[in-house]
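Participant: give me coordinates for this.
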Amino acid sequence: MNIRLGQRGPHHELHLMVFAPEAAPEGREAFMDWYDNLTDWGEGDDYNDPANTSPKLRDWYRDMISAFPAMNGPDGRIEAEPTNRN
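Facilitator: Below you'll find the predicted structure:
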């Protein structure tokens, strides 16, 4: 697995991309074209559902959420409603 980290947006949130190295082309320009096409999100696709990825990535995801719980998607934590302190 390869992990790429990047910063985007005015608040510098962290974007994490995990992929099988054999899936990506070599070279920056070819990689960026591949990435742009890959992240051209289609209508109706659920990108928060790990069932929509490869078995290796699902295994990696399961390992990650055992240490870092998911914040959204089908495995997201359900937090209690905030209490009103007035």
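Participant: who's in contact with Arg77?
Facilitator: Arg77 is in contact with Pro69, Ala70, Met71, counting by C-beta atoms under 8 Å, 6 or more residues apart in numbering. C-beta here means a position set from N, CA and C on the backbone, and glycine is covered the same way.
Participant: tell me the pLDDT of it.
Facilitator: Note on Arg77: pLDDT of 75.
Participant: how near is it to Pro69?
Facilitator: Distance, Arg77 to Pro69, using C-beta to C-beta, to the nearest Å: 5 Å.
Participant: same question, Asp59
Facilitator: Distance, Asp59 to Pro69, using C-beta to C-beta: 17 Å.
Participant: now Asp46
Facilitator: 19 Å.
Participant: ok, Gly42 next?
Facilitator: Applying C-beta to C-beta to Gly42 and Pro69 gives a distance of 28 Å.
Participant: show me which of those two is the more surrounded one.
Facilitator: Neighbour count, other C-beta atoms under 10 Å: between Gly42 and Pro69, Pro69 has more, with 10 against 6.
Participant: which SS state does Val18 fall under?
Facilitator: Secondary structure, DSSP: H, G, I helix; E, B strand; the rest coil: Val18 is strand.
Participant: got the contact list for stretch 66-75?
Facilitator: Asn48, Asp49, Pro50, Ala51, Ile65, Gly76, Arg77.
Participant: ok, and the most crowded of the residues you listed?
Facilitator: For these, the largest neighbour count, defined by other C-beta under 10 Å, is 19 neighbours, found at Pro50.
Participant: right, and it touches Asp59 too?
Facilitator: No. Using C-beta atoms under 8 Å, Pro50 makes no contact with Asp59, being 9.7 Å away.
Participant: what is the nearest of the contacts of Arg77 to Glu22?
Facilitator: Ala70 (26.2 Å; C-beta to C-beta).
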